[in-house]
Structure formats: C-alpha cells, structure tokens
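Q: model the following, please.
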Amino acid sequence: QVHLEESGGGLVQAGGSLRLSCAGTGRALRNFDMGWWRQPPGQVREFVASISKSGEHTWYGDPVKGRFSISRDNAENTLSLQMNNLKPEDTAVYYCAADPPAWDYWGQGTQVTVSS
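A: Here you go, the predicted model:
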C-alpha cells in the first residue's frame, strides 16, 4: 500500500508559477511509475504528466507541454510538478497518482487557482 499526500497548491496570477509536491508513505515510491492528473471545475479528470521509476522518462499532456516539468526524488520519496506560465485554464484540483496503467493509488488532491 502507498499513501500519497499533495501540497503546494494555491492562488496565483496568470503567468505565475507554482510547485506542487507529493509525499509518499508506505511502500517506497521508487517502485512505481508516477504521475499528476487534474480535474478542472465541472470536467473529467485529465492526465497532466508522468515519470518512470528512475526518473529517466517523462510524458506530458499537450496542454502543459513546455510549461510544466515533472520530477522525482526517490531518496526523499517525493514527486514534484513545477508549473510555469500558468493560465486560467490550468485551474483545477491536482492529484498525485502511482502505478499506471490502473493508477491504483491517489492522493486527496490540492487546489490550484489561476486568476486572469
């Protein structure tokens, strides 16, 4: 079992930056490919980014390519998402998740609000 907890959300103006973190307890996160998903208000949950166990490979959803960067620190058992040049359409609850393709483990989410 893995317990995931996100932090770092908040309110930011368009063009600003935020860094989300996800801390894991239980099984070590190095055992899992991991990712970030988001759910905008009134919409379905959508893929943001993912990263391989070693951190060597990363993948991004088209809306965030070139603006967001996913990384991990297996020694610290953490996952991060650096979000730059934020846009109002990035407003969503952001979730940390592990173990694709089923994504068996999820955090509780952290709210990111981008004002125009």
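
Q: just checking, what packs against whatever helix or strand V114 lives in?
A: Per DSSP states H and E: V114 is located in strand 110-115. Secondary-structure packing of strand 110-115 (3 or more C-beta pairs under 8 Å, 6 or more residues apart in numbering; DSSP states H and E): strand 10-13, strand 18-26, strand 92-98. To be clear about C-beta, it is placed using only N, CA and C from the backbone, and glycine gets the same treatment.

Q: hey, which of those is tucked in deepest?
A: Highest mean neighbour count among the helices and strands packed on strand 110-115 (mean count of other C-beta atoms under 10 Å): strand 92-98, with a mean of 23.

Q: pairing partners for that one, with directions?
A: Strand pairing for strand 92-98, determined by DSSP bridges: strand 34-39 (antiparallel), strand 105-106 (antiparallel), strand 110-115 (antiparallel).

Q: need the helices and strands packed on strand 110-115 in CSV (columns: distance to R38 and mean pLDDT).
A: Below are the helices and strands packed on strand 110-115 laid out as CSV (distance: least, C-beta to C-beta, whole Å; pLDDT from 0 to 100):
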stretch, distance to R38, mean pLDDT
strand 10-13, 14, 98
strand 18-26, 10, 96
strand 92-98, 4, 98
